[in-house]
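got a predicted model here, sequence first, then my questions.
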Amino acid sequence: MESNNVVLLDFSGSSFGMRLRIALALKGIKYEAKEENLSDKSPLLLEMNPVHKKIPILIHNGKPICESLNILEYIDEVWHEKCPLLPSDPYQRSQARFWANYIDNKIYSTGRRVWSGKGEDQEEAKKEFIEIFKTLEGELGNKTYFGGDNLGFVDVALVPFTSWFYSYETCANFSIEAECRKLVVWQNCMENERVSKSLPHPHKIYDFVLELKHKLGLA
Ligand SMILES: N[C@@H](CCC(=O)N[C@@H](CS)C(=O)NCC(=O)O)C(=O)O
């Protein structure tokens, strides 16, 4: 399969977009990245994702694929040879999808309450946030990666959120690492260059969070 004609419509602070940058890097796919301004979406974005009008969008040979986990599966299916992400066993595959969905349903919304919340709601969100990661640590067990001995679908779905940890911790004055030791070990294992180079510096995310808080009148 030719790997040309791959365009990623993205925004550098988006954990959803980072998933795809990681997957494309792991698989060695060359692509053109187009940074979107989410306050002034491009006509291309609106044309390619008229339903949700959101990034990330992968445009492969002119055809759009939307929703990050859906795109991640697509990338894995099309460029399967190098660094397969989903397991070949149907049961294991269903489990990987289950945990990736768990991450989507829990981390983004709770994380937002952590960085943007105040008072009791923020305290509650911090507790919930730690519980989510404790649950994920339970799933990780003694494995090196969620994918077992190699990086897999769940690892790629989760690791972008670690670039937001500094922001969560600074905004809400707590330490995820102090509570989730296993996660720290897992995070160190993620110092694969293809992964780390696909992630923004945590301070860049923090600058973005401060800007966003200012815009939302929360600062
Ligand atoms: N479930 C979607 C979430 C994508 C998403 O929330 N994208 C945000 C940026 S992080 C966006 O495009 N927001 C623009 C908007 O809501 O208008 C996915 O996994 O791709």
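Looks like it came in fine.

and this protein, which residues reach the ligand?
Proximity of the chain to the ligand (CB under 6 Å from any ligand atom) is limited to residues 11, 14, 16, 38, 53, 54, 55, 56, 67, 68, 69. Where C-beta positions appear, they are placed from N, C-alpha and C, glycine not excepted.

list the residues that contact the fifth one.
To tie it back to what came earlier, the one meant is residue 53. Residue 53 sits next to 41, 45, 46 when contact means CB atoms under 8 Å, 6 or more residues apart in numbering.

what's the closest of these to the ligand?
Of all the contacts of residue 53, the ligand sits closest to residue 41, with 7.2 Å by CB to the nearest ligand atom.

dump the residue contacts of the residue found closest to residue 68 once you drop the neighbours it is linked to in the chain.
Distance criterion CB to CB, 6 or more residues apart in numbering; nearest residue to residue 68, sequence neighbours excluded, is residue 16 at 3.9 Å. Contact partners of residue 16, counting by CB under 8 Å, 6+ apart, are 55, 56, 68, 160.

pretty sure the third one contacts residue 21?
No - with contact defined as CB atoms under 8 Å, residue 68 and residue 21 do not form a contacting pair (10.7 Å).

and the closest residue to residue 190 other than its chain neighbours, how many residues sit next to it?
Nearest residue to residue 190, sequence neighbours excluded (CB to CB, 6+ apart): residue 159, at 5.2 Å. Counted with other CB atoms under 10 Å, the neighbours of residue 159 add up to 25.

and residue 159, how far from residue 95?
18 Å (CB to CB, to the nearest Å).

the one helix or strand in the chain whose mean pLDDT sits lowest: which residues count as buried?
Counting by mean pLDDT, DSSP states H and E, the weakest-scoring helix or strand in the chain turns out to be helix 181-189, with a mean of 87. Buried residues in helix 181-189, defined by neighbour count with 16 or more other CB atoms under 10 Å: 183, 186, 187.

show me where the chain has helices.
Along the chain, the segments classed as helices by DSSP state H run 15-26, 43-48, 68-78, 90-116, 119-140, 153-158, 165-172, 176-179, 181-189, 193-196, 202-215.

of these, which stretch is the most buried?
helix 153-158 (a mean of 26; mean count of other CB atoms under 10 Å).

surely residue 6 and residue 32 touch.
Yes - counting by CB under 8 Å, residue 6 does reach residue 32; the two are 7.1 Å apart.

more neighbours: which of these two?
The residue with more neighbours, out of residue 6 and residue 32, is residue 6; 20 against 11, by other CB under 10 Å.

report pLDDT for the closest residue to the more buried one other than its chain neighbours.
Of all residues not flanking residue 6 in the chain, residue 31 sits nearest, at 3.8 Å (CB to CB, 6+ apart). Per-residue confidence (pLDDT) for residue 31: 97.

over to residue 56?
Note for residue 56: predicted pLDDT of 98.

and it, its phi and psi?
Note on residue 56: its backbone torsions stand at phi -80, psi 150 [degrees, to the nearest 10].

many thanks, I have nothing further to ask.
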